[in-house]
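A.B. asks: Model the following, please.
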Amino acid sequence: MKYVIVGGVAGGASAAARLRRLDENAEIVVFEKGEYISYANCGLPYYIGDVINNREKLFVQTPVSFGNRYDVDVRTLQEVTAIDREKHTVEVQDLRSWRVYSESYDVLLLSPGALPVIPDIPGVRGNNIFTLRNVADCDNIKKKALEFLSGNASTVVVGGGFIGLEMAENLRRMGFVVTLVEKADHILTPTDLPIAAIAQQHVSEHGVRIITNTGVSSFSEDGGRKKVILDNGEELTCDLVILSIGVRPNASLAENAGLEIGKTGGITVNKYLQTSDKDIYAVGDVIEFPHPITGVPYCNFLAGPANAQARIAAMNMVHPESTAYNGSVSTAIAKIFDLTVACTGMSEKALERAGIAFETVIVHPAAHATYYPGGSQISLKLNFSPEDGRILGAQAIGKQNVDKQIDVISLLLKHNGTVYDLVGSEHSYAPPFGSAKSPVMFAGMVAENILTHLMNPIHVKDLDRIIDNNEDFFLLDVRELPEYRNGTIKGAVRYSVDELREFLDEIPSGKKIVVFCEVGLRGYVASRILMQNGFENVCNLIGGMRTYRMTGHNLIKP
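C.D. replies: Next up is the predicted model:
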């Protein structure tokens, strides 16, 4: 059997290694358009910023070492330009000699990855405007960045996603003055505003100027420097521009061969990662696959799922229809200066677009036992179904243990877990590492209280709406006096939770009562006191004052 693979890195190289482990006698050929067969794509921003100072550490395997270990015919700088499905051949161009030749296959795997999105705006193809997708891009950016650093160098990063923020951090680390431009209303659009707002403030505190709600209208030259003209009319002058707007599937080879392409532009595959041609499989950034929550096909541009798909595709190439792929919930993580931000599943906006009903909670627990030195806080947001408690998504940000929380939720989410599973989950615990009630359990408990009607939630955006509409309600601050004096919400009356029972006669029974504290826990206790003393319309502000402040709301001094 002869297997031909188009593309290396996460998908193609992983599939080739798995194929060899499954079939020692097979002939395996890997074509890679670039110079490198297997490298740490996600490490490129950190090499630019000199966090990784040895370039060779980026390379997992060289073409020679990979070929020797797995007995694979690795051909780099060879571009597959066409597929003849009837003849079972691919057309290849040698990018060294420009010779064109054909190669036969029994089973073909496509893993050509994705291409950066480059908007069709004036000047976008000019000098010193870069995208980052491969080692060559990385080398070009680093070389040019080092040239500019002799003066007061500046850069504009267009796009506030994970890669854009990683580039902003590493260019700032190098000494650049950095401006980040994001067209959406907040950075990190896979996350919801409360989490993104924390990241945004943190990035700003590290000297990166962030401009949201505007895009770029054009680029031009200005005395050897770049001029970036924004949609709002502002002009930014800089030395270097990084475009990090996103990527799209590199599916032209498949499309030209007549393979089925989905609405997203990715190759359509079945659950065995088989294309519309039974002898051609596809994996990685180039495919679309139904989302486990919505069932709607989408593209997922992450290395983890690409590696998982490669293993499954290789299994099915050797043993057809033996192993099914169940999709990706887009679990992602990034380091942003001193913070870690991670997410899994669907954000509020994504759920709204999909027409899926949801409820949400946000909690702010400690990363580990508060009495143990060196602790910090995690902000964790959980989106779930109001009908059955099924987990729909989660996001977290903090200095410690963020990855642990999101990984636990991601695993449950992929297996249709619910908030009740979070409450019943079991975690390793000792004071240096966590709390007896982990952040994941804590979020589950708050969600469970909502589902069982022990607490009626109100969110910051809902509070804004009733304030803007001048609705008749009673706003109750149950924090201690020093907290209250440092700032509260306009119109709030304060009775601390510990003295609330003494002042029940002061609370109007005929109004909607909105209770709030610092993070929501005391507010929950206060709401239970009120609900069990005859007050029928009581709501607790989810996330409390911490969420209220971090979403940009101003407080008043009483």
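A.B. asks: How much space separates residue 527 from residue 178?
C.D. replies: Using C-beta to C-beta, to the nearest Å, residue 527 is found at 44 Å from residue 178. C-beta: built from backbone N, CA, C; applies to glycine.
A.B. asks: can you list contacts of stretch 418-434?
C.D. replies: 367-369, 371-372, 382, 384-385, 388-391, 401, 404, 408-409, 412, 435-436, 438, 440-441, 443-445, 447-448, 451 (C-beta atoms under 8 Å, 6 or more residues apart in numbering).
A.B. asks: Ignore what I typed, I meant stretch 499-514.
C.D. replies: The contact list for stretch 499-514 (C-beta under 8 Å, 6+ apart) reads 458, 463, 466, 471-476, 478, 493, 495, 526, 529-530, 533-539, 541.
A.B. asks: one more time with 10 Å, if that's ok
C.D. replies: If you take C-beta atoms under 10 Å, 6 or more residues apart in numbering as the criterion, stretch 499-514 is touched by 456, 458, 462-463, 466-467, 471-478, 480, 489, 491-493, 495-496, 515, 522-523, 525-527, 529-531, 533-541.
A.B. asks: Buried among those? Make that a ChimeraX selection.
C.D. replies: Selection of the buried residues among the contacts of stretch 499-514 in ChimeraX, burial being defined by 16 or more other C-beta atoms under 10 Å:
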select :456,458,463,466,473,474,475,476,477,478,480,489,492,495,496,515,522,523,525,526,527,529,530,531,535,538,539,540,541
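A.B. asks: re the thing from before, ok, of the contacts of stretch 418-434, which come out buried?
C.D. replies: By neighbour count, with 16+ other C-beta under 10 Å, those hold 367-369, 382, 384-385, 389-391, 401, 404, 408-409, 412, 435, 438, 440-441, 443-445, 447-448, 451 as buried.
A.B. asks: Quick check: strands, which of the residues you listed are part of them?
C.D. replies: Among the buried ones among the contacts of stretch 418-434, the ones falling in strands (DSSP state E) are 382, 384, 391.
A.B. asks: Among the residues you listed, find me the one that's closest to residue 324.
C.D. replies: residue 391 (21.7 Å; C-beta to C-beta).
A.B. asks: my guess is the closest one meets residue 409, correct?
C.D. replies: Yes - using C-beta atoms under 10 Å, residue 391 is in contact with residue 409, at 6.3 Å.
A.B. asks: any shared contact partners between the two?
C.D. replies: Joint contacts of residue 391 and residue 409 (C-beta under 10 Å, 6+ apart) are 329, 344-345, 382, 417, 421-422, 443-444.
A.B. asks: Name the spans of the protein whose pLDDT lies under the cut-off.
C.D. replies: Within the chain, the stretches with pLDDT under 70 are 151.
A.B. asks: The residue nearest the centre of the chain and residue 427: what is the separation?
C.D. replies: Closest to where the C-alpha atoms of the chain average out (C-alpha atoms, centre = their mean) is residue 332, at 4.3 Å. Going from residue 332 to residue 427 by C-beta to C-beta gives 22 Å.
A.B. asks: and what of residue 556?
C.D. replies: Taken as C-beta to C-beta, the span from residue 556 to residue 427 is 40 Å.
A.B. asks: try residue 112
C.D. replies: Distance from residue 112 to residue 427, by C-beta to C-beta: 41 Å.
A.B. asks: Could you do residue 465 as well?
C.D. replies: Where residue 427 is concerned, residue 465 sits at a distance of 37 Å (C-beta to C-beta).
A.B. asks: So if I had to pick from those two, which one is more boxed in?
C.D. replies: Neighbour count, other C-beta atoms under 10 Å: between residue 465 and residue 427, residue 427 has more, with 16 against 12.
A.B. asks: Which residue ranges of the stretch 101-250 of the chain form helices?
C.D. replies: Using DSSP state H, counting those that start in this stretch, the helices of the stretch 101-250 of the chain run over residues 135-148, 162-174, 193-205.
A.B. asks: Let me have those in a markdown table, extended by distance to residue 36.
C.D. replies: Compiled in a markdown table, those are given as follows (distance: least, C-beta to C-beta, whole Å):
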| stretch | distance to residue 36 |
| --- | --- |
| helix 135-148 | 6 |
| helix 162-174 | 19 |
| helix 193-205 | 31 |
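A.B. asks: Among the ones you listed, show me which one is buried the most.
C.D. replies: Across the helices of the stretch 101-250 of the chain, the average number of neighbours (mean count of other C-beta atoms under 10 Å) peaks for helix 162-174, which reaches a mean of 24.
A.B. asks: gap between it and the chain center?
C.D. replies: For helix 162-174, the separation from the chain centroid amounts to 16 Å (computed by C-alpha atoms, centre = their mean, to the nearest Å).
A.B. asks: Please save the CA atoms from stretch 88-107 in CSV.
C.D. replies: C-alpha atoms of stretch 88-107 as CSV (Å, rounded to 0.1, in the frame of the first residue of the first chain):
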residue,chain,number,x,y,z
HIS,A,88,-4.7,8.2,-8.5
THR,A,89,-1.7,10.5,-9.1
VAL,A,90,-0.6,13.9,-7.8
GLU,A,91,1.3,16.5,-9.8
VAL,A,92,4.3,17.9,-8.0
GLN,A,93,6.6,20.8,-8.7
ASP,A,94,10.1,20.8,-7.2
LEU,A,95,10.6,24.3,-6.0
ARG,A,96,14.4,24.0,-6.2
SER,A,97,14.7,22.9,-9.9
TRP,A,98,11.1,23.8,-11.0
ARG,A,99,10.8,20.3,-12.4
VAL,A,100,7.2,19.0,-12.6
TYR,A,101,6.5,15.3,-12.1
SER,A,102,3.7,12.8,-11.1
GLU,A,103,3.5,10.6,-8.1
SER,A,104,1.0,7.7,-7.7
TYR,A,105,-0.9,6.9,-4.6
ASP,A,106,-3.3,4.3,-3.2
VAL,A,107,-4.6,6.5,-0.4
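A.B. asks: Please identify the buried residues of that stretch?
C.D. replies: 88-90, 92-93, 103, 105, 107.
A.B. asks: Max pairwise distance over those residues: which two?
C.D. replies: 93 and 107 (22.1 Å).
A.B. asks: Identify the residue spatially nearest to residue 184, adjacent ones excluded.
C.D. replies: residue 212 (6.7 Å; C-beta to C-beta, 6 or more residues apart in numbering).
A.B. asks: What about the one you found, how many residues nearby?
C.D. replies: 15.
A.B. asks: mind listing what it touches?
C.D. replies: Residue 212 neighbours (C-beta under 10 Å, 6+ apart): 160, 180-187, 196, 200.
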